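> Okay, predicted coordinates and the sequence, questions at the end:
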Amino acid sequence: MAPSLEIASESPLRSLVKACSWRLVAALITLSTSLFFSRDAKMAASIVSSDFLSKAGTMYAGERLWNKVSWGKEAKAGDAASRSIIKAFAWRAFAMVNTLVISIFFAKSVKIAGQIASTDTIIKTSLYVVHERIWSKIDWGRSYDVEYNI
């Protein structure tokens with residue numbers, strides 16, 4: 001048997017910290033877009049709090065699921081840029097619908113909800129890729145498993 005490349009796996013604590021750090025950034029963006037389009041601080045706070053609570057658990061679960069996918073993981077180099085981009089689009093597909101539904105519920109306006117959700121999607125997709133690229137450079141919470149070829 002000869003050792004081949006090392007595949008990184010992430011600890012649950014790393015996934016939790018990644019999810020929380022993103023949710024804080026995302027909450028600030030949603031607060032900004034909600035305030036901008038609704039001009040109502042109470043409504044914006046309701047949208048952000050509901051959005052944060054509904055996505056916090058799913059973000060963590062998503063991180064744990066992606067941890068099981070080896071595609072795009074590079075030995076000792078973190079994740080490939082293509083993996084970060086695919087993760088961003090996969091997450092945003094879910095998150096956009098979630099934000100849209102919550103915004104419709106609180107804003108009572110499809111127009112305002114659509115503006116919030118679409119602006120969030122444009123801004124957050126790019127920022128999520130940056131967030132993932134930063135985390136790909138951080139080794140904390142990673143362990144490396146050597147795979148063997150026979």
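That came in fine, so what should we check first? All values reported here derive from a predicted model rather than from experimental measurement.
> contacts, neighbours, all on C-alpha from now
Fine.
> What ranges does this protein have for its helices?
12-38, 41-67, 81-107, 110-136 (DSSP state H).
> for the last one, the distance to its chain's centre please.
Computed by Cα atoms, centre = their mean, to the nearest Å, the chain-centroid distance of helix 110-136 equals 9 Å.
> counting contacts, what elements does that helix pack onto?
In terms of contact count using 3 or more Cα pairs under 8 Å, 6 or more residues apart in numbering; DSSP states H and E, helix 110-136 is assigned the packing partners helix 12-38, strand 78-79, helix 81-107.
> Adding distance to Ser143, write the helices of the chain out as TSV.
Below are the helices of the chain laid out as TSV (distance: least, Cα to Cα, whole Å):
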stretch	distance to Ser143
helix 12-38	11
helix 41-67	11
helix 81-107	19
helix 110-136	13
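> Dump those to CSV, plus mean neighbour count and mean pLDDT.
Listed next are these as CSV, based on neighbours: other Cα atoms under 10 Å; pLDDT from 0 to 100:
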stretch, mean neighbour count, mean pLDDT
helix 12-38, 18, 96
helix 41-67, 17, 93
helix 81-107, 18, 94
helix 110-136, 18, 96
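> Out of those helices, which is closest to Arg142?
When the helices of the chain are compared by Cα to Cα, helix 12-38 sits nearest Arg142, at 7.6 Å.
> hang on, the earlier thing: would you tell me which of the helices and strands packed on helix 110-136 gets closest to Ser136?
Checking those against Ser136 by Cα to Cα gives strand 78-79 as the closest, at 4.5 Å.
> Tell me the helices and strands packed up against that closest one.
On a contact count with 3+ Cα pairs under 8 Å, 6+ apart, strand 78-79 meets helix 110-136.
> how far off helix 41-67 does the helix it packs on point, in degrees?
40 degrees (axes from the mean of the first three to the mean of the last three Cα atoms, to 10 degrees).
> Pull up the gap between Lys111 and Glu10, please.
In this view, Lys111 and Glu10 are 40 Å apart by Cα to Cα, to the nearest Å.
> Alright, that wraps it up for me.
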